[in-house]
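*Asks:* Have a look at this prediction, sequence included:
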Amino acid sequence: MKNLTFGLGVLFTTLTLPVYGVQPVGKVSFSKGNNAAQQPNASPRLLGKDAEVFQGDNIQTSDGSFVIIEFNDDSKVTVRPNSNFKIEQFDTASKNTKLTVYEGGVRATTGEFAKGGTDNFQIRTPTATLKGNGNSDYSVRVCKEDCDKEKKAELAKDFSVAKIVDIKGDVFAKNRVDKNADGRKLAIGTGINPQDFLISQANSYAVMVFRDNQKITLQANSEFDIVKYDFEKKGEKDQLLFKLATGGMRALTGSIGKKDHAAYEVDTPVATIGIRGTDYDFQCNISSMGISENCERDGAYLQVNEGAVSQTNAAGEKVFYKGETGFVASKDSAPELKPIPKDISKIIDSSPPARNAPDADKVFDRSLDNSRPGTYTIVNKGDATLEPNGDESPDKRFDGLILHEGESSFASEKGGDTIKLESVPIFIGKDDTPQPATFSNNANIPTTTLFSTTIGESTAKNSGESCIVEQ
C-alpha cells in the first residue's frame, strides 16, 4: 500500500482549492495535525481552522490528528484520529443530516435539525446507524484491531481502585495527597483512585464498584474519603478504610470484608462501622435545614438489609442484624435500636441500592480478549436510537435499541447482533478526543507540524477514492 505525504510544495496548490458553486454546510472550529477534505473527482483540501466544509466532503484524519466541525444548524462533530468520515447529506429544506463513518470514529452533538425527529440526524457506519434526538451527545466508534490495542494500553495504566457505574447530578473527586491534582467531575466509567476524596452535591449520587466487588452508592450532600484500599497487592494484606464525613451511603460488602471482617472499617462522625458480610444503608439525620451537614451534631441512622453490622463508639458497641434499624445520636451516645423516620427512608431510597450495580469483573473488564469488530456507541447526554444496517423493508425492519444517557451499545460486523452493553468499553469511555460541545479553542492541545508528515493510505471508501496527495 502506497504511503502518502503532505509536502510543502503542494500545500498551497492541491490542498487549498476552493469548492465553487456549492454553499458550505459548516466550518472547522478547530483542527489539530493533518486533516483533509475531498469532493468526488476533486483535489483534496487541507482543513485548518475556519475552513468551510460541504455536502459530499470525505474527511480523513491522520494519526494524532482530529478536527471539530460546526454545522450550520449548530450541530457539532469531532472526527477522531485515523478516521474516514463523509458528509453524505445536509439539507436545509428538509432539515436532514446524514453522515457516514467508514473508519475510526466521531463524537457528535445534535443541533436544530434533530429537533424535527430522530431520523433528521443520522450517523451511519458499516454495521449500524445511530440517530440522535434534539438534545443529545454521543460517540461512535468503528472498531477493528485499533480498539483492542487501545483497550490493552488503558488496562496497563489503569491504577484505579473503583469505577463509577451510575451517576446523577454533580459529584466530584480530588486526590487528598497530591496537592497539585485538580478536582474532577465524575462520570460513568471514571476511575476512582487511592486516597481520593469525593463530594456529592444536592440531588446527586454516584454508584461505584471496587476491585474486590465492594459496591457503594454515595448519597446526595455527602463527603466520602478513601483513606486506605489495599487489594491483591503483593506482600500486602487486603484491607480497606473509608471515612464518611457527612451525608449517606448504601453499601454491599466485597471480598475484603467477607474474608476478614477486621479488614473492613468505615469511620463516621458518630461511630465506626464494622461488618459481618452485609448489605446496609447509613444516613445522617435530618436537621431543621434538611440533610444534616454535621452527623456528629445531629446523629445518623443505620438500616441492615443483609448480614450484620456493628457500630462502635466511646459509649459502647452494638451489632445490628438483617431487618433491624438503629440510631446513634452522637459519638458519646451508645448505638440503639430505633425505627427510621419516613423522611429519612425516602432520602435513602432516592438513590439506587449498591447491590444492583454490576460486578467488578464486568466493570474492570480484566479480560485481554480481542474487542469484537463492529460499531460501538455511548450516549453521553439525551437519548439515541441504534439500528443495524440491512433489510429495511416494512415487514423486516428492526425498531432499534433506545439508548439513554450513560448507556452503550454494540453492533457486530456480521450484522444481526445489536445489543446494549452492561459496561462502557474502555476505549470509548476513556476517549481523550474532545467532545465538540464542550471543547474550548484555548484548551492546552499540543500542536504538530503540518509539513512532511507521512500518512498511510486509508482503506475507507469515498466514491472509490481516498484523500491522496502526491509530490
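*Replies:* Yep, it's here. Numbering: from 1, shown residues only.
*Asks:* D361 falls within a helix, correct?
*Replies:* Yes. Assignment of D361 by DSSP: H, G, I helix; E, B strand; the rest coil places it within a helix.
*Asks:* What is the neighbour count of it?
*Replies:* Neighbour count of D361, defined by other C-beta atoms under 10 Å: 13. The C-beta positions use only the backbone N, C-alpha and C, and glycine is treated the same way.
*Asks:* Please determine how far it is located from F410.
*Replies:* For D361, the distance to F410 equals 18 Å [C-beta to C-beta, to the nearest Å].
*Asks:* Please apply the same query to F364.
*Replies:* For F364 relative to F410 (C-beta to C-beta), the value is 18 Å.
*Asks:* What are the contacting residues of stretch 91-100?
*Replies:* Residues outside stretch 91-100 that contact it (C-beta atoms under 8 Å, 6 or more residues apart in numbering): 55, 71-73, 75, 77, 85-90, 106, 108, 112-114, 116, 119-125.
*Asks:* buried ones in it?
*Replies:* K95, N96, T97, K98, L99, T100 (16 or more other C-beta atoms under 10 Å).
*Asks:* Can you tell me how far the second one is from F71?
*Replies:* The spacing between N96 and F71, counted by C-beta to C-beta, is 12 Å.
*Asks:* shared neighbours of the two, anything?
*Replies:* F90.
*Asks:* Look up which residues are beta-bridged to L386.
*Replies:* L130, L401 (DSSP bridges).
*Asks:* Likewise for G326?
*Replies:* So, taking DSSP bridges as the rule, G326 has L302, L337 as bridge partners.
*Asks:* before we move on, what about G26?
*Replies:* Counting by DSSP bridges, the residues bridging with G26 are V53, F71.
*Asks:* coming back round to it: quick one: which of the contacts of stretch 91-100 sit in strands?
*Replies:* Using DSSP state E, the subset of the contacts of stretch 91-100 located in strands is 71, 77, 85-90, 106, 108, 121-124.
*Asks:* Pull out the buried positions in stretch 296-314.
*Replies:* 296, 298-313.
*Asks:* Rounded mean pLDDT for stretch 295-313, please.
*Replies:* The average pLDDT within stretch 295-313 is 91.
*Asks:* Pull the contacting residues for the residue located most distally from the centre of the chain.
*Replies:* Distance from the C-alpha centroid of the chain, by C-alpha atoms, centre = their mean, peaks at A315 (44.7 Å). Neighbour list for A315: K331, D332, S333, A334, P335 [criterion: C-beta under 8 Å, 6+ apart].
*Asks:* Turn these into a markdown table, columns for distance to A181 and secondary structure.
*Replies:* Output for the contacts of A315, formatted as a markdown table (distance: C-beta to C-beta, whole Å; DSSP: H, G, I helix; E, B strand; the rest coil):
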| residue | distance to A181 | secondary structure |
| --- | --- | --- |
| K331 | 31 | coil |
| D332 | 36 | coil |
| S333 | 37 | coil |
| A334 | 40 | coil |
| P335 | 36 | coil |
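*Asks:* Just want the phi and psi numbers for K149.
*Replies:* K149 has phi and psi values of phi -60, psi -40 when expressed as degrees, to the nearest 10.
*Asks:* From S412, how far off is it?
*Replies:* From K149 to S412 the distance is 19 Å (C-beta to C-beta).
*Asks:* Looking at those two, which is more packed in?
*Replies:* Neighbour totals were compared for K149 and S412, and S412 leads with 16 against 12 (other C-beta under 10 Å).
*Asks:* which residues of this protein score low on pLDDT?
*Replies:* The model of the chain has pLDDT under 70 over residues 1-21, 146, 151-157, 286-293, 365-371, 390-399, 414-417, 440-471.
*Asks:* domains of it?
*Replies:* Domains of the chain are assigned by automatic domain parsing as 3-144+373-456, 160-362.
*Asks:* what separates D63 from D260, distance-wise?
*Replies:* Distance from D63 to D260, by C-beta to C-beta: 48 Å.
*Asks:* Oops, could you answer that again for T92 instead?
*Replies:* 66 Å.
*Asks:* do the same with C295
*Replies:* 27 Å.
*Asks:* Pull the contacting residues for P269.
*Replies:* So P269 contacts A245, T246, N294, C295, E296, A300, K331 (C-beta under 8 Å, 6+ apart).
*Asks:* Closest one of the residues you listed to T253?
*Replies:* Closest approach to T253 among the contacts of P269 (C-beta to C-beta): A300, at 18.9 Å.
*Asks:* The closest one and C284 touch, don't they?
*Replies:* Yes. Counting by C-beta atoms under 8 Å, A300 touches C284, with 4.9 Å between them.
*Asks:* Give me the common contacts of those two.
*Replies:* Going by C-beta under 8 Å, 6+ apart, residues that sit against A300 and also against C284 are G248.
*Asks:* Grab the nearest non-local neighbour of the residue farthest from the centre of the chain.
*Replies:* Leaving out its chain neighbours, the residue that sits closest to A315 by C-beta to C-beta, 6 or more residues apart in numbering is A334, at 4.0 Å.
*Asks:* And for the one you found, the neighbour number?
*Replies:* Residues lying near A334 (other C-beta under 10 Å) number 16.
*Asks:* give the contact list for it.
*Replies:* Contact analysis of A334 by C-beta under 8 Å, 6+ apart lists N313, A315, G316, K318, V328.
*Asks:* Just grab the bridge partners of the spatially closest residue to S408 that is not a sequence neighbour for me.
*Replies:* Spatially, and ignoring its direct neighbours in sequence, S408 is nearest to I378 (4.2 Å; C-beta to C-beta, 6+ apart). Applying DSSP bridges to I378 yields these beta-bridge partners: S139, S408.
*Asks:* I378 contacts D137, doesn't it?
*Replies:* No. In this structure I378 lies outside contact range of D137 using C-beta under 8 Å: 9.7 Å.
*Asks:* out of these two, which sits in the busier spot?
*Replies:* I378 (25 against 21).
*Asks:* Give the full set of residues in contact with the more buried one.
*Replies:* By C-beta under 8 Å, 6+ apart, I378 lies in contact with Y138, S139, G406, E407, S408, V424, P425, I428, G429.
*Asks:* what do you get for K115?
*Replies:* G134, N135.
*Asks:* repeat that with 7 Å
*Replies:* By C-beta atoms under 7 Å, 6 or more residues apart in numbering, the contact list for K115 reads G134.
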